[in-house]
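> Next one to model:
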Amino acid sequence: MLHIIVATSSEAKPLINFYKLKKNNRISEFQIFENNKIDISLTISGIGKISSALATCFTFFIFGKKKNNLWLNFGLAGNKELKIGEIILVSKVTDKCDNKKKFFPFFLKEFDIKRKECITYDKPNVKYNNYLSDMESIGFFFSANKFSTKEYIFSLKIISDNENEFIDFKSKKIVSELILKKIHKINDFIKKLK
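All right, here's what the predicted structure looks like:
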């Protein structure tokens, strides 16, 4: 099964609609959506590395504690120079607050997606650099790594801001439209994973 962890409902909605995921109303701790016919679940974690780690752990237990499922952290990220809307595969993630916390995904397959390192911050980063900036990846990776091996754990990001421009993060419509423009590329990536 593929478990997708997404921070916000705006980022999740295009995936929920595209994969026809249904909300599991028996669960109240996190919003979890699933489609057993295609073996995909999606959990909305909330913003931040702790929320992402908790949602990943919770998802593992809700879905029967099965080891070595596929895991995907999906969401928005900033970068100094990349264009808004570019889709990036995370090749390394570091915790800004603890430089010793690093995670290196292991790619068995080649993906036709640009790769970039990511730094996870505790609050939004507007001091852009050549790395991706997000707030969830490190928590997701460290949690998922307890339940799966590195070749089954991925993070896919869409650039939402750079040093020259940014989207309106408060607009659910704008966030969803940004993701919808890349939905087929996301789906191609997911098909290759599965």
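> helix, strand or coil for Ile38?
coil (DSSP: H, G, I helix; E, B strand; the rest coil).
> Point out the other helices and strands that the worst-scoring helix or strand of the chain on mean pLDDT packs with.
The helix or strand of the chain with the poorest confidence is strand 98-103; it has a mean of 78 (mean pLDDT, DSSP states H and E). Packing partners of strand 98-103 (3 or more CB pairs under 8 Å, 6 or more residues apart in numbering; DSSP states H and E): strand 87-95, helix 137-144. Yep, even glycine has a C-beta here, placed from its N, CA and C like the rest.
> Report the secondary structure element holding Leu76.
Per DSSP states H and E, Leu76 falls inside strand 70-78.
> and if you look at Ile32?
Ile32 is part of strand 31-35, with elements assigned from DSSP H and E.
> measure Arg115 to Lys109 for me?
For Arg115, the distance to Lys109 equals 13 Å [CB to CB, to the nearest Å].
> send the alpha carbons of the top helix by length along the chain over as CSV?
Criterion DSSP state H: the longest helix present in the chain is helix 49-62. Output in CSV follows, covering the C-alpha atoms of helix 49-62 (Å, rounded to 0.1, in the frame of the first residue of the first chain):
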residue,chain,number,x,y,z
LYS,A,49,7.7,18.2,11.6
ILE,A,50,6.2,16.9,14.8
SER,A,51,2.7,16.7,13.3
SER,A,52,4.1,15.0,10.2
ALA,A,53,5.9,12.4,12.4
LEU,A,54,2.8,11.8,14.5
ALA,A,55,0.6,11.4,11.4
THR,A,56,3.0,8.9,9.8
CYS,A,57,3.2,6.8,13.0
PHE,A,58,-0.6,7.0,13.4
THR,A,59,-1.1,5.9,9.8
PHE,A,60,1.2,2.9,10.3
PHE,A,61,-0.9,1.7,13.2
ILE,A,62,-4.3,2.4,11.7
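> buried residues in it?
Within helix 49-62, the residues that qualify as buried are 49, 51-56, 58-60, 62, counting by 16 or more other CB atoms under 10 Å.
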